[in-house]
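Student: Here you go, sequence then predicted model.
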Amino acid sequence: MLPLVCPMARVWRLLATHRESLGWKEIYQIRIFSVGWDSSYNILYYIRDRKEDTKEDLQRRHALSGVAFPRTIQSRALSDEAYEKARNKGSSLLCQLYASASTVKGSIWTDPKSLEDYGWVASDPEYKWEYNAPDNDIGPALKDLGVSTDAFDNVKYGYWHQQESKHDDHTYPATFGFYQNVFNVKGGVIIADNNFGPDYEKRFGTTAETVPLKQYSDVVFLAWQKHAGDNIKNLKYIFRHKIVNPATQTLVTAVLDKRGEKLKAWPGTKLSMIESDARAILGTSNGHGVAYLLAQHKEQLGVKVIDSVTVFDSDHLMSLCFWIVDEDDGGASLQPSTGPAVGSRELHRSSLLSESWSDSSFLPQKAYSAWMEVIAKRFSKVAGTCWAAFRVL
């Protein structure tokens, strides 16, 4: 497998990042050979249209990569422990979102120049003409949200970690991680198109120290800050498009099954954050990066909270849309209210009562004291803010 994953052989990236233009291709064979007296070697990649996977194909791919292929999610059972862990993490993240800027430790990454300083190389912008195509899955979502589908309003920016950098006697080699996201600044939308960070890419080779500027929440925030300019606070929706993370797929599929729902095209299935299932989705790998982006950049973005999440089908793959609203007072809107309908950012008194204390799913009672101690240690004043936010009077 070395020729497939070494830095000089990134053919798969070309196929993966241009799937919409090339169609779904796969590398099914590799030939290594030399020519004449030349001691160097050549690599020939055999490429074909992707065929339907057999059970043996899936098992072989899983054994080689350690990551289940998306089509295996139907056979993967979600344990109660995994669900509880994700839900508790989502509840903790929701707490941080509602806290004021002074009570949550912000990210150290606030200057877009850090991207270049730490080896991130920007690719040429791409204009998303396909959002107006009849069979496109994102276009209907944007139109329904009142967001422009014009190609010049939807621009894909890619950042690739391709250069070595040196800081404070540390050398950080290129990891070839990359983040590709579509920004619609006018509409306040980020669409996570293709994201495999340095930690993921590191699995395929180097054991050297990983560049510290590596998280989705930081790299994508800096890119948004750079390209959004004065409109940086106009962030309303973040899409995680065509998810391939097997743990996220398993959890979301289990949530839909439990609710008697199927994965369907936009408008899909929308869940308010007052529901434990929504917070479990927020606690997945494809959810917590969105939460950290908002929670750790309050000084630049303002205090923004996630109101709800929509699950929808994207060309037979799962996508998520996180709905973002402003929270000016850092937590007051989580106080029980009798006015707005469930699904808005105001939480009903009855909903809090039933979720928080009747079935212990909002913040599990058994873990509440320990959880608050952890919050207190990590975030100091946040503990008080969290208590004020989640209590029921």
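Tutor: Arrived safely. Numbers count the residues shown, from 1 in each chain.

Student: Just checking, which helix or strand of this protein averages the lowest pLDDT?
Tutor: The helix or strand of the chain with the lowest confidence, counting by mean pLDDT, DSSP states H and E, is strand 336-337 at a mean of 30.

Student: and residue 134, how many neighbours?
Tutor: 6 (other Cβ atoms under 10 Å). C-beta: built from backbone N, CA, C; applies to glycine.

Student: Please determine how far it is located from residue 140.
Tutor: 10 Å (Cβ to Cβ, to the nearest Å).

Student: Could you do residue 307 as well?
Tutor: Distance from residue 307 to residue 140, by Cβ to Cβ: 21 Å.

Student: Looking at these two, which has the bigger crowd around it?
Tutor: Neighbours were counted for residue 307 and for residue 140 using other Cβ under 10 Å; residue 307 has more, 21 against 16.

Student: my guess is that one contacts residue 323, does it?
Tutor: Yes: Residue 307 is within contact range of residue 323, at 4.6 Å (criterion: Cβ atoms under 8 Å).

Student: anything in contact with each of those two?
Tutor: Contact criterion Cβ atoms under 8 Å, 6 or more residues apart in numbering; residues shared by residue 307 and residue 323: none found.

Student: and residue 238, which of the three is it?
Tutor: Judged by DSSP: H, G, I helix; E, B strand; the rest coil, the three-state class of residue 238 is strand.

Student: And residue 191, by the same measure?
Tutor: Put simply, residue 191 is strand when judged by three-state DSSP.

Student: Beta-bridge partners for it, please?
Tutor: Counting by DSSP bridges, residue 191 is bridged to residue 182, residue 239.

Student: now do residue 122
Tutor: residue 159.

Student: can you count the residues close to it?
Tutor: Neighbourhood size, residue 122 [other Cβ under 10 Å]: 14.

Student: ok, now the one 4 residues further on?
Tutor: Neighbouring residues of residue 126 were enumerated by other Cβ under 10 Å; the total is 17.

Student: Isn't it up against residue 156?
Tutor: Yes: counting by Cβ under 8 Å, residue 126 touches residue 156, with 4.2 Å between them.

Student: End to end on stretch 116-133, go ahead and measure it.
Tutor: Across its full length, stretch 116-133 reaches 35 Å end to end, with Cα to Cα, to the nearest Å as the criterion.

Student: Need the contact partners of that stretch.
Tutor: With Cβ under 8 Å, 6+ apart, stretch 116-133 has contacts from 20, 115, 136, 138-139, 142, 149-152, 154-165, 167, 172, 174, 180, 182, 211-213, 219.

Student: 6 Å instead?
Tutor: With contacts defined as Cβ atoms under 6 Å, 6 or more residues apart in numbering, stretch 116-133 is touched by 136, 138-139, 149, 151-152, 154-163, 165, 174, 182, 211, 213.

Student: Quick one: buried ones out of those?
Tutor: 136, 138-139, 149, 154-161, 165, 174, 182, 211, 213 (16 or more other Cβ atoms under 10 Å).

Student: Just the ones in helices from these, please.
Tutor: Within those, residues falling in helices by DSSP state H are 138, 139.

Student: Determine the set of other helices and strands touching the helix or strand hosting residue 95.
Tutor: Of the helices and strands defined by DSSP states H and E, residue 95 is found in helix 80-98. Judged by 3 or more Cβ pairs under 6 Å, 6 or more residues apart in numbering; DSSP states H and E, helix 80-98 is in contact with helix 276-282, helix 285-295.

Student: Which among these is found nearest to residue 26?
Tutor: Between residue 26 and the helices and strands packed on helix 80-98, the tightest spacing by Cβ to Cβ is seen for helix 285-295, at 23.7 Å.

Student: Could you check the angle the closest one makes with helix 80-98?
Tutor: 20 degrees (axes from the mean of the first three to the mean of the last three Cα atoms, to 10 degrees).

Student: after helix 285-295, next one along is what?
Tutor: Counting by DSSP H and E, the next helix or strand C-terminal to helix 285-295 is helix 298-301.

Student: Contacts for the helix or strand that that next one is followed by, please.
Tutor: Counting by DSSP H and E, the next helix or strand C-terminal to helix 298-301 is strand 304-314. The contact list for strand 304-314, computed with Cβ under 6 Å, 6+ apart, reads 97-98, 137, 242, 252, 263-266, 268-273, 278, 281, 294, 319-327, 345.

Student: Distance check, residue 181 against residue 294.
Tutor: Applying Cβ to Cβ to residue 181 and residue 294 gives a distance of 15 Å.

Student: ditto for residue 303
Tutor: Residue 303 sits 9 Å away from residue 294, going by Cβ to Cβ.

Student: Residue 263 now?
Tutor: 26 Å.

Student: of these two, who's got more company?
Tutor: Between residue 263 and residue 294, counting by other Cβ under 10 Å, residue 294 is the more crowded of the two (24 against 19).

Student: Could you find the closest non-adjacent residue to the more buried one?
Tutor: Spatial nearest neighbour of residue 294, chain neighbours left out: residue 304 (4.8 Å); criterion: Cβ to Cβ, 6 or more residues apart in numbering.

Student: give me the number of residues near residue 125?
Tutor: Around residue 125 there are 12 other residues, counting by other Cβ under 10 Å.

Student: One more: the one 10 residues further on?
Tutor: Applying the criterion other Cβ under 10 Å, we find 7 residues in the vicinity of residue 135.

Student: re the thing from before, buried residues in the next helix or strand after the helix holding residue 95?
Tutor: Heading C-terminal from helix 80-98, the first helix or strand you meet, by DSSP H and E, is helix 113-117. Buried residues in helix 113-117, counting neighbours by 16+ other Cβ under 10 Å, are found at 114, 115.

Student: I'd like the numbering to begin with 18 instead of 1 from here.
Tutor: Sounds good: first residue 18 from here, last item helix 130-134.

Student: What's the mean pLDDT across helix 130-134?
Tutor: In this model, helix 130-134 has a mean pLDDT of 97.

Student: Lovely, talk soon.
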